[in-house]
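Participant: Return a 3D structure for these sequence lines:
(one chain, ligands or ions: 1)
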Amino acid sequence: KRILCWFRRDLRLDDNTALLAAYAAAEEVVPVFIFDDAILSRPDTGAVRVAFLLESLRNLDENLRARGSRLLLRRGRPEHVLAQLVTETAASAVYFNRDVEPFALARDARVRAHLEGRCAVEGFDDGGLTAPEAVRTKAGTPYTVFTPYRQAVLAQPIPRPRLAPAMLRTPADVPSDPWPSLKDLGFATSVSPPPGGETSAQARLQGFIQNGLARYATERDVLSADGTSRLSPYLRFGCLSPRRAYWAAREAVPEGSPGMESWIAELIWRDFYRQILFHFPYVETGAFRRAYDDLAWENNASWFDLWCQGKTGFPIVDAAMRQLLTTGWMHNRARMIVASFLTKDLLIDWRWGERHFMKHLVDGDLAANNGGWQWAASTGTDAQPYFRIFNPTAQGKKFDPTGAYVRQYVPELRAVPDRWIHEPSRMPPDVQRAFRCVIGVDYPAPLVDHGRQRAKALTMFGRFASPE
Ligand code: FAD
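Facilitator: Numbering: from 1, shown residues only. Next comes the predicted model:
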């Protein structure tokens with residue numbers, strides 16, 4: 001008996017639910033990944049993420065080969081490719097791990113319809129600590145507030161991760177397409193993503209558990225520190241099982257350790273937004289609190305361009321936006337600051353920022369990105385109340401007190417003394433000249449007046465006070 005195991009965003013052998021089920025049910029399994037032009041051609045599919053994907057696939061193939069198998073690559077519409085492969089291999093079933101994105105759910109429904117009568121099709125729960133339907137309030141409704149959701153998740157048994165079988169049998173006679181380069185897929189980038197794949201994910205997890213977890217509670221918000229795990233791209237592509245990550249943290253330190261508790265809370269945020277997207281798919285295009293769809297955003301396109309380029313004259317915002325452009329990643333605190341700045345200082349629709357992030361983030365993920373943006377824009381589930389507006393200068397002083405983060409990404413400000421690093425426009429003219437940072441020449445003046453914009457945002461949101 002043969003089963004096709006269709007890999008999508010679960011690019012690992014360890015604790016891979018569909019793969020384990022396939023090998024439990026069949027003598028031979030055909031692992032396949034399909035390049036889908038419908039995804040590759042989306043305007044928010046960024047080169048850095050495709051580069052990371054390609055490397056993750058290579059690593060998956062290497063790890064499969066080490067166990068006697070290999071990865072087949074194909075390109076085309078999944079329903080057609082899978083039907084063809086079912087014929088070629090005489091497979092009796094297609095197994096995959098379920099996704100929560102509306103696009104993926106529609107695609108999978110098409111695949112099921114197309115394969116009906118040809119073979120069985122089975123989807124498994126794999127992408128979270130729990131399945132998106134599994135955690136519900138007493139009334140049976142999905143949770144829309146994080147804290148009770150977290151308590152409910154922690155009250156459930158989180159499944160223990162399972163190892164892949166030592167040998168994985170795959171028929172030798174099924175041809176793969178040749179491996180494409182990034183260019184063959186239509187992409188180019190000068191940004192180098194972190195090394196893709198399960199092998200790097202495991203090494204990073206071990207490194208973080210040994211060296212980072214205990215410091216996490218105190219360092220996770222320090223912008224210049226390497227205080228977080230940086231596992232997000234690996235979790236995004238399933239190079240790492242979230243249950244492996246959860247149990248590695250749980251078992252590394254005593255119960256109640258602050259680093260462990262707050263890191264696990266972040267893994268649960270990931271699940272939280274997955275189940276929000278699953279139960280409320282309209283958030284993909286609109287505000288979770290629907291009344292906020294009518295907010296009168298100003299949408300100044302040239303301000304948006306300056307925000308994208310990191311040229312707003314607010315050092316912390318500019319450093320963060322340039323970190324995104326040059327590395328494909330941004331610190332979580334910085335994501336919150338720039339998202340607040342775009343929506344509440346520049347009064348630009350959160351969806352513009354969401355799209356820009358999606359194009360450039362190596363960990364770009366619809367559920368988490370949408371959740372994060374709607375949180376910052378105060379349009380989301382358990383969102384920041386609209387009247388709590390970050391002051392970017394105060395955020396910079398608090399979370400980058402020495403200016404190290406700003407200096408790393410904004411070279412024009414490198415020589416500016418600590419005292420002015422977060423408000424260089426306040427330097428007296430002779431000091432500006434002395435440190436070769438003349439405002440308006442070497443570095444922009446602040447694009448807006450925070451106090452004034454804050455008042456405007458309060459008026460804009462105030463019209464919709466406490467909508468449900
Ligand atoms: P750690 O602090 O080590 O956390 C461990 C893991 O928990 C992360 O790898 C991630 O998978 C998950 N996680 C942490 N925080 C969150 C969160 N707030 N929401 C959901 N999951 C979380 N995360 C993405 O993975 N993809 C995105 O596209 C994305 N876009 C965001 C946009 C905005 C506006 C905001 C405010 C946050 C966004 N996040 C996104 C969440 C968070 O910023 C990143 O997950 C985190 O910075 C990744 O770094 P890390 O792996 O070092 O995180």
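
Participant: C-alpha from now on. contacts and neighbour counts both.
Facilitator: Will do.

Participant: give me the low-pLDDT residue ranges for the stretch 51-200 of the chain?
Facilitator: For the stretch 51-200 of the chain, applying pLDDT under 70 flags no range at all.

Participant: The lengthiest strand in the chain pairs with which strands, parallel or anti?
Facilitator: Longest strand in the chain by number of residues (criterion: DSSP state E): strand 28-35. Sheet pairing of strand 28-35 (DSSP bridges) gives strand 2-7 (parallel), strand 72-75 (parallel).

Participant: Quick one: residues in contact with the longest one.
Facilitator: Residues lying outside strand 2-7 but in contact with it, judged by CA atoms under 8 Å, 6 or more residues apart in numbering, are 18-19, 22, 26-34, 86, 89-97.

Participant: ditto for the shortest one
Facilitator: Contacts of strand 72-75 with the rest of the structure, by CA under 8 Å, 6+ apart, involve 30-37, 81, 175-179.

Participant: Count the residues that sit near the nearest residue to residue 342 once chain neighbours are set aside.
Facilitator: Spatially, and ignoring its direct neighbours in sequence, residue 342 is nearest to residue 348 (5.7 Å; CA to CA, 6 or more residues apart in numbering). Counted with other CA atoms under 10 Å, the neighbours of residue 348 add up to 23.

Participant: Would it be right to say that residue 348 lies in a strand?
Facilitator: No: counting by DSSP: H, G, I helix; E, B strand; the rest coil, residue 348 falls outside a strand, being coil.

Participant: pLDDT at it, what is it?
Facilitator: If you check residue 348, the pLDDT there is 98.

Participant: how much space between residue 125 and the ligand?
Facilitator: 17 Å (CA to the nearest ligand atom, to the nearest Å).

Participant: Touching, that residue and residue 131? I think so.
Facilitator: Yes: under the contact definition of CA atoms under 8 Å, residue 125 touches residue 131, with a separation of 5.8 Å.

Participant: Quick check, the residue in the stretch 1-150 of the chain closest to the ligand?
Facilitator: residue 128 (10.0 Å; CA to the nearest ligand atom).

Participant: Can you get me a residue count around that residue?
Facilitator: Neighbours around residue 128, by other CA under 10 Å: 21.

Participant: And for the one 10 residues further on?
Facilitator: Using other CA under 10 Å, residue 138 has 8 other residues around it.

Participant: cool, residue 58 as well?
Facilitator: Residue 58: 16 neighbours (other CA under 10 Å).

Participant: between the helix or strand in which it is found and strand 28-35, how big is the angle?
Facilitator: According to DSSP states H and E, residue 58 maps onto helix 47-66. Here helix 47-66 runs at an angle of 170 degrees relative to strand 28-35 (axes from the mean of the first three to the mean of the last three CA atoms, to 10 degrees).

Participant: List the buried residues for helix 47-66?
Facilitator: 47-65 (16 or more other CA atoms under 10 Å).

Participant: circling back: now find how far off-centre the longest strand of the chain is within its chain.
Facilitator: The chain centroid and the centroid of strand 28-35 are separated by 25 Å, computed with CA atoms, centre = their mean, to the nearest Å.

Participant: what does that strand rub up against?
Facilitator: Against strand 28-35 from outside (CA under 8 Å, 6+ apart): 1-8, 22-23, 70-76, 78, 81, 168-171.

Participant: CA atoms only for the next helix or strand after it, dumped as PDB, please.
Facilitator: The helix or strand immediately downstream of strand 28-35 is helix 37-40, counting by DSSP H and E. Only the C-alpha atoms of helix 37-40 are listed here, as PDB (Å, rounded to 0.1, in the frame of the first residue of the first chain):
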ATOM      1  CA  ASP A  37       1.800  29.500  -8.900                       C
ATOM      2  CA  ALA A  38      -1.300  30.800  -7.100                       C
ATOM      3  CA  ILE A  39       0.900  31.300  -4.100                       C
ATOM      4  CA  LEU A  40       4.100  32.300  -5.900                       C
END
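
Participant: what about the helices in the stretch 101-250 of the chain?
Facilitator: 102-115, 146-154, 198-211, 213-219, 232-236, 242-252 (DSSP state H, counting those that start in this stretch).

Participant: Report all helices and strands that the fourth one contacts.
Facilitator: So the one you mean is helix 213-219. Judged by 3 or more CA pairs under 8 Å, 6 or more residues apart in numbering; DSSP states H and E, the packing partners of helix 213-219 are helix 258-279.

Participant: buried residues in the helix or strand that comes right after the helix it packs on?
Facilitator: Next helix or strand after helix 258-279 toward the C-terminus (DSSP H and E): helix 301-309. By 16+ other CA under 10 Å, the buried positions in helix 301-309 come out as 303, 304, 307, 308.

Participant: before we move on, what about stretch 329-345?
Facilitator: Neighbour-count burial for stretch 329-345, with 16+ other CA under 10 Å as criterion, is recorded at 329-331, 333-345.

Participant: Check stretch 144-151 too.
Facilitator: Here stretch 144-151 shows 144, 146, 149, 150 as buried, counting by 16+ other CA under 10 Å.

Participant: which residues does the first one contact?
Facilitator: This points to residue 144. 276, 381, 382.

Participant: quick one: which of the residues you listed is most hemmed in?
Facilitator: That'd be residue 276 among the contacts of residue 144, by other CA under 10 Å, with 24 neighbours.

Participant: pLDDT value on that residue, please?
Facilitator: Reported pLDDT for residue 276: 98.

Participant: and it, how far is that from residue 293?
Facilitator: The spacing between residue 276 and residue 293, counted by CA to CA, to the nearest Å, is 18 Å.

Participant: Is the ligand within reach of stretch 383-394?
Facilitator: No: if you take CA under 6 Å from any ligand atom as the test, stretch 383-394 misses the ligand, and the best it gets is 10.6 Å.

Participant: quick one: that stretch to chain centroid distance?
Facilitator: The answer for stretch 383-394 is 22 Å, by CA atoms, centre = their mean.

Participant: what about that stretch, start to end distance?
Facilitator: Stretch 383-394 end-to-end distance (CA to CA) = 21 Å.

Participant: quick revisit: in JSON lines: the helices of the stretch 101-250 of the chain, plus distance to the ligand.
Facilitator: Converted to JSON lines, the helices of the stretch 101-250 of the chain look like this (distance: least, CA to the nearest ligand atom, whole Å):
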{"stretch": "helix 102-115", "distance to the ligand": "16"}
{"stretch": "helix 146-154", "distance to the ligand": "11"}
{"stretch": "helix 198-211", "distance to the ligand": "8"}
{"stretch": "helix 213-219", "distance to the ligand": "8"}
{"stretch": "helix 232-236", "distance to the ligand": "3"}
{"stretch": "helix 242-252", "distance to the ligand": "8"}
